[in-house]
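[1] what's the 3D shape of this:
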Amino acid sequence: MTQEDTHADRSETVADLLHEAGETHHQVYRIVDGADDDWASWYADWLVRLSELPGLLGVTPSSTSRPNHTKEDRWTTRPA
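    Residues are numbered from 1 along each chain as shown. Model prediction:
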């Protein structure tokens, strides 16, 4: 297996995890007609804590992993 094959397999697995997250979110929030104002946090939490993503990446992603990260650095606080 070449490095390109490994990269393609990993990309496909990540794509599958994102699809699974979407399906899971749909099931969880169908009771409120899909209303979830904080959907991005739900996806991030599910991917980091409940999926195989950290093992696949070899690291647990964290929003606080950047140096000097503050609440004001979050994308949601920046103007569009």
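[2] quick check: next helix or strand after the helix or strand where Ala8 lies?
    Using DSSP states H and E, the element containing Ala8 is helix 3-29. Using DSSP H and E, the helix or strand that follows helix 3-29 in sequence is helix 39-45.
[3] give me the mean pLDDT for the helix or strand just after that following helix.
    Where DSSP H and E defines the elements, the next helix or strand beyond helix 39-45 is helix 53-57. Confidence for helix 53-57, expressed as mean pLDDT, is 91.
[4] follow-up on the earlier one: the helix holding Ala8 packs against which elements?
    Under the contact criterion of 3 or more Cβ pairs under 8 Å, 6 or more residues apart in numbering; DSSP states H and E, helix 3-29 touches helix 39-45, helix 53-57. The way it works is simple: take the backbone N, C-alpha and C, and place the C-beta from them, glycine included.
[5] and these as JSON lines, adding mean neighbour count and distance to Leu18?
    Listed next are the helices and strands packed on helix 3-29 as JSON lines, based on neighbours: other Cβ atoms under 10 Å; distance: least, Cβ to Cβ, whole Å:
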{"stretch": "helix 39-45", "mean neighbour count": "14", "distance to Leu18": "8"}
{"stretch": "helix 53-57", "mean neighbour count": "13", "distance to Leu18": "9"}
